[in-house]
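[1] 3D, please:
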Amino acid sequence: MRNRHACPCCAEPVASEALSQVACARCLRTPPAYQHVYAPLRYEGLIAGLFQRYKDQHQRRAGLLLRQLMTRELAPFCREWLAARPEAWVILVPGDSRRRRTRGHEVLVELTRGLRVRERQRGDVVRIRSGHAADEDQRLRGRRGRLKAQRGRYDISAPLPESVLLIDDVMTSGATLDSLAQACQRAGAREVVACVLARTPPGSP
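    Numbering: from 1, shown residues only. Modelled structure (predicted):
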């Protein structure tokens, strides 16, 4: 389940260590707005099952295990990255408002409590444009549909520092992170890096 060999830009799993030394063909053809994604695990097997049980079946035990995994896998990366960039901001990717109302809580806020970066979070400056097509369920879309739906989704209401760290739980097509990274660049950020717990392998449904 570890994402041992991946594109150094988008973190999509690749077949060998040699392929992980250069950006994948997709990133070379259409470079995303973020410079790097850290994704230590693959979204499959046990990890996928935990997310499904927590998000869809609302099993608190699964959420607790995911929070522990987020802390163990992402906290060292966050500490090291932020220590080298004292002025950087941390932004948690805003959740879908419809799902938040259904679940009664913000999934990502719950899962990242152990990272100890909430005091640096500036998620209040991120606004999702109302009525945007991405408000619909993204799991029903293919990669092209996700990219199109996410385009121009976010506005940022305050000037950002040079470096910004985006945090999310799972990365599938990269459309959400790319759209938010574009908004960060429009707000003044020059370096946008993301970290997620798990990356979906190519060809996954």
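[2] how far does stretch 153-167 sit from the chain's center?
    14 Å (C-alpha atoms, centre = their mean, to the nearest Å).
[3] buried ones in that stretch?
    153-154, 156, 160-161, 163-167 (16 or more other C-beta atoms under 10 Å). Quick note: C-beta positions are derived from backbone N, CA and C, even for glycine.
[4] Can you get me the start-to-end distance on it?
    17 Å (C-alpha to C-alpha, to the nearest Å).
[5] Same check on stretch 181-192?
    6 Å.
[6] Stretch 33-49 too?
    Start-to-end, stretch 33-49 (C-alpha to C-alpha) is 30 Å.
[7] residue boundaries of the strands in this structure?
    36-38, 41-42, 89-92, 126-128, 154-156, 163-171, 191-199 (DSSP state E).
[8] Quick one: residues in contact with the shortest one.
    The one in question is strand 41-42. 1-3, 13, 47, 69, 73, 197-201 (C-beta atoms under 8 Å, 6 or more residues apart in numbering).
[9] Columns pLDDT, neighbour count and distance to residue 184 on top of the residues you listed, output as TSV?
    Listed next are these as TSV, based on pLDDT from 0 to 100; neighbours: other C-beta atoms under 10 Å; distance: C-beta to C-beta, whole Å:
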residue	pLDDT	neighbour count	distance to residue 184
1	88	13	30
2	96	10	28
3	97	21	24
13	96	22	25
47	97	18	27
69	97	20	26
73	98	18	23
197	98	26	21
198	98	27	22
199	98	26	20
200	96	21	23
201	93	14	27
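[10] Distance to residue 110 for those residues - can I get that in JSON lines?
    As requested, the contacts of strand 41-42 are exported to JSON lines (distance: C-beta to C-beta, whole Å):
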{"residue": "1", "distance to residue 110": "22"}
{"residue": "2", "distance to residue 110": "24"}
{"residue": "3", "distance to residue 110": "23"}
{"residue": "13", "distance to residue 110": "27"}
{"residue": "47", "distance to residue 110": "17"}
{"residue": "69", "distance to residue 110": "13"}
{"residue": "73", "distance to residue 110": "16"}
{"residue": "197", "distance to residue 110": "13"}
{"residue": "198", "distance to residue 110": "16"}
{"residue": "199", "distance to residue 110": "21"}
{"residue": "200", "distance to residue 110": "21"}
{"residue": "201", "distance to residue 110": "25"}
